[in-house]
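Undergrad: Fold the following, please.
(2 chains)
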Amino acid sequence: MPDDLLAAPLARVSRAQLFTSFLKMGLLGFGGVLPWARRVLVDERRWLDDREFAELIGLCQVLPGPNVVNLSVIIGARAQGPIGSLIAVTGILFVPVGVMLLIAMFYASVAHEPLARNAIAGASAAAAGLIIGTGMRLLLQTRPPLRGLVIGGAAFIAVGVLQWPLLSVIVVLIVVAVALEGHAARTEGKR
Amino acid sequence: MSETLSALAEIAARFATLSLVAIGGINAIMPEIHRVVVDVQHWMTSAEFAELFALAQLAPGPNAMVVALIGWKVAGIAGALVATLATCGPSSIACYVAFQWSDRLRHSKLRTVVQRALSPLAIGLILATGYTLARGADRSPGALALTVIAAAALAWTRVNPVWVLIVAAVAGAAGVA
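TA: Model (predicted):
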């Protein structure tokens, strides 16, 4: 069903599966969790397909708060209710925060090493590429119609290239996108 | 001690308010957090703030973890915990409530229209995030090449992203980036 936000597989997910999946996304998410969220949720666990994932990320970006934390709240809730949300957020956020604090304490001792700096420069460049690749993959898999490409392209140029304030851009583009989509739905309905 | 407590209270109040206006994610409120932490409270210099930000980007986990590092720098482990809870708590509760509400609209046409409208917008914003990160990271042709190769690997192959990062780190250590 295209109007079902989250498909049936999620209802059978146990608390342990929920925790290990979100822990994996959190602990492997160097430079951002999004590429791993798509890989684990869509490719490995098959709890969502690409289209559901893109729609859910869209919803998470419109809601306030960190996007991947919102994603964990929603998927955790669908699988196991409020406890599920807590389990997913613990896996993806609180455990990695503990690891990060250990890294921060260790950081001072290696920060001056040129080898460490150069390795980190290489990893940062690739981490940016992984986010771009995730966007490209979603674009190729969901194949949005022309009106979607216009909205997505406008978001990319305004926020990425021109660095305009995100909030105003999102508010304007949501209104335009919903109006265009609503118009298209009405036109299809008449045929 | 009372100074630490007042710093914790300040972090809790400021970050919890920002949590509810962080539309589009944590990067939307970073300029405001910078203003409060550096200019208003003088908890750290702008350079220290930038260092914490880079560290949070490179550690595994959501980019939002930078608030934990800021809290840690200001008030130790308690600061990290308070900053994380304040930044993610209010928005998570709002998200839970919004999801329950949208679930009741499962068969409404409006929800389908909104979902379809948001999907390409989200993809555009993901690409914008990648582009912004790349602008910061790609200071040499070698680094740019690593970004392009990583993007292509993720878009068209099923290679494990960890290998991409490891290879890029080794290439960086060898002087490519």
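Undergrad: Does anything pack onto the least confident helix or strand in chain B by mean pLDDT? Which helices or strands?
TA: Lowest on mean pLDDT, DSSP states H and E among the helices and strands of chain B sits helix B:46-58, with a mean of 76. On a contact count with 3 or more CB pairs under 8 Å, 6 or more residues apart in numbering or on different chains; DSSP states H and E, helix B:46-58 meets helix A:95-110, helix A:114-142, helix B:30-34, helix B:66-104. In this view, the C-beta of every residue, glycine as well, is placed from N, C-alpha and C.
Undergrad: got the angle between that helix and helix A:95-110?
TA: Relative orientation of helix B:46-58 versus helix A:95-110 (axes from the mean of the first three to the mean of the last three CA atoms, to 10 degrees): 120 degrees.
Undergrad: check contacts around the residue nearest to residue B:72 when sequence neighbours are not counted.
TA: Excluding its sequence neighbours, the residue lying closest to residue B:72 (CB to CB, 6 or more residues apart in numbering or on different chains) is residue B:80, at 4.0 Å. Residue B:80 makes contact with A:97, A:101, B:68-69, B:71-72 under the criterion CB atoms under 8 Å, 6 or more residues apart in numbering or on different chains.
Undergrad: run the last query once more with 6 Å
TA: B:68, B:71-72 (CB atoms under 6 Å, 6 or more residues apart in numbering or on different chains).
Undergrad: quick one: which of these has the most company?
TA: Most neighbours among the contacts of residue B:80, by other CB atoms under 10 Å in any protein chain shown: residue B:68, with 31 neighbours.
Undergrad: Return the set of buried residues in the helix or strand containing residue B:115.
TA: Using DSSP states H and E, residue B:115 sits within helix B:109-137. By 16 or more other CB atoms under 10 Å in any protein chain shown, the buried positions in helix B:109-137 come out as B:111-134, B:137.
Undergrad: what's that helix packed up against?
TA: helix A:50-62, helix A:114-142, helix A:146-155, helix A:166-190 (3 or more CB pairs under 6 Å, 6 or more residues apart in numbering or on different chains; DSSP states H and E).
Undergrad: Could you save those as CSV and add columns showing mean pLDDT?
TA: Output for those, formatted as CSV (pLDDT from 0 to 100):
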stretch, mean pLDDT
helix A:50-62, 86
helix A:114-142, 86
helix A:146-155, 95
helix A:166-190, 87
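Undergrad: for the ones you listed, which one sits closest to chain B?
TA: Nearest to chain B among those is helix A:114-142 (1.9 Å), distances taken as CB to the nearest CB.
Undergrad: For chain B, tell me whether the closest one is touching it.
TA: Yes: shown here: helix A:114-142 in contact with chain B (CB under 6 Å from any CB of the partner chain) through A:115, A:118-119, A:121-126, A:128-133, A:135-139.
Undergrad: what about that helix, distance to the chain center?
TA: Distance of helix A:114-142 from the chain centroid (CA atoms, centre = their mean, to the nearest Å) equals 15 Å.
Undergrad: Need the pLDDT of the spatially most central residue of chain A.
TA: In chain A, the residue lying closest to the centroid (CA atoms, centre = their mean) is residue A:34, at 4.3 Å. For residue A:34, the pLDDT comes out at 87.
Undergrad: Does it touch residue A:134 like I think?
TA: Yes: applying CB atoms under 6 Å as the test, residue A:34 and residue A:134 come out as touching, 5.5 Å apart.
Undergrad: The residue nearest to residue A:174 when sequence neighbours are not counted: neighbouring residues, count only.
TA: Take residue A:174 and drop its neighbours on the chain: the residue closest to it by CB to CB, 6+ apart is residue A:62, 6.5 Å away. Neighbour count for residue A:62, taken as other CB under 10 Å: 19.
Undergrad: Next, work out how far apart residue A:62 and residue B:10 are.
TA: In this view, residue A:62 and residue B:10 are 29 Å apart by CB to CB, to the nearest Å.
Undergrad: repeat for residue B:66
TA: Counting by CB to CB - residue B:66 and residue B:10 are separated by 17 Å.
Undergrad: More neighbours: these two, which one.
TA: Neighbour count, other CB under 10 Å: between residue B:66 and residue B:10, residue B:66 has more, with 24 against 18.
Undergrad: can you pull the contacts of that one?
TA: So residue B:66 contacts B:53, B:56 (CB under 6 Å, 6+ apart).
Undergrad: what does the model give it for pLDDT?
TA: pLDDT at residue B:66 comes out at 88.
Undergrad: ok, back up a step: nearest to residue B:158, of the helices and strands packed on helix B:46-58?
TA: helix A:114-142 (10.1 Å; CB to CB).
Undergrad: List the buried residues in the closest one.
TA: Going by neighbour count (16+ other CB under 10 Å), the buried part of helix A:114-142 is A:116, A:118-139, A:141-142.
Undergrad: With stretch A:11-27 instead?
TA: By neighbour count on 16+ other CB under 10 Å, the buried set for stretch A:11-27 is A:13, A:18-19, A:21-27.
Undergrad: what's the answer for stretch B:55-62, then?
TA: Those would be B:55-62, for stretch B:55-62 by 16+ other CB under 10 Å.
Undergrad: Could you do stretch A:98-117 as well?
TA: By 16+ other CB under 10 Å, the buried positions in stretch A:98-117 come out as A:100-101, A:103-104, A:107, A:116.
Undergrad: List the contacts of it.
TA: Stretch A:98-117 has contacts (CB under 6 Å, 6+ apart) with B:55, B:59, B:65, B:69, B:72, B:173.
Undergrad: show me what contacts the first one?
TA: Yep, that's residue B:55 we're talking about. Residue B:55 neighbours (CB under 6 Å, 6+ apart): residue A:104.
Undergrad: Please repeat the previous calculation with a cut-off of 8 Å.
TA: Neighbours of residue B:55 in contact, by CB under 8 Å, 6+ apart: A:100, A:103-104, A:107, B:69.
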